[in-house]
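Trainee: With the input below, show me the fold.
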Amino acid sequence: MRNVLTISMLFILGGCAAAPSSIQPASVSRIPYTTMGCKNLEMSLTQEISNLEGLSGEQRSSRNWDIALNLLIIPGFGALTEDQEDEIAQSKGKIIAMQDEFTTRCVEDS
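Mentor: Numbering: from 1, shown residues only. As a prediction, the model looks like this:
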């Protein structure tokens, strides 16, 4: 009986949206950022970090709804809620690409 309960819980939670911190960054090219000036690159990086924070908040909300729907209403029903996993992966990839480009060109060695 205990094994059935454990398997059921894994199935229920498996249909939930991923936590933002567990989403891996997508591979994003640095090429679009190579022609940007350092100030514009810094501003774009700040905007993308803000965008990622917003997407992460939406993803956490989706995850919470998924868990609630799966546990309280119908198992598997939470999979119908929309998540931002692809957008978060792209955003993380952009941030890494911009940070790499900024570090390479805009940070002076002391």
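
Trainee: other SSEs contacting whichever helix in the chain runs longest?
Mentor: Criterion DSSP state H: the longest helix present in the chain is helix 38-72. Secondary-structure packing of helix 38-72 (3 or more Cβ pairs under 8 Å, 6 or more residues apart in numbering; DSSP states H and E): helix 2-14, helix 85-106. (C-beta placed from N, C-alpha, C; glycine too.)

Trainee: Okay, buried residues for that helix please.
Mentor: Residues 41, 44-45, 48, 51-52, 55-56, 58-59, 62-63, 65-67, 69-70 are the ones in helix 38-72 that count as buried (16 or more other Cβ atoms under 10 Å).

Trainee: So, low pLDDT: which residues of this protein?
Mentor: Low-confidence segments of the chain, defined by pLDDT under 70: 1-16, 70, 72-82, 109-110.

Trainee: Which residue lies nearest the spatial centre of it?
Mentor: residue 88 (3.0 Å; Cα atoms, centre = their mean).

Trainee: List the contacts of it.
Mentor: 20, 23, 52, 55-56, 59 (Cβ atoms under 8 Å, 6 or more residues apart in numbering).

Trainee: next one: residue 60
Mentor: Contacts of residue 60 by Cβ under 8 Å, 6+ apart are 19-20.

Trainee: One more: residue 42?
Mentor: So residue 42 contacts 102, 106 (Cβ under 8 Å, 6+ apart).
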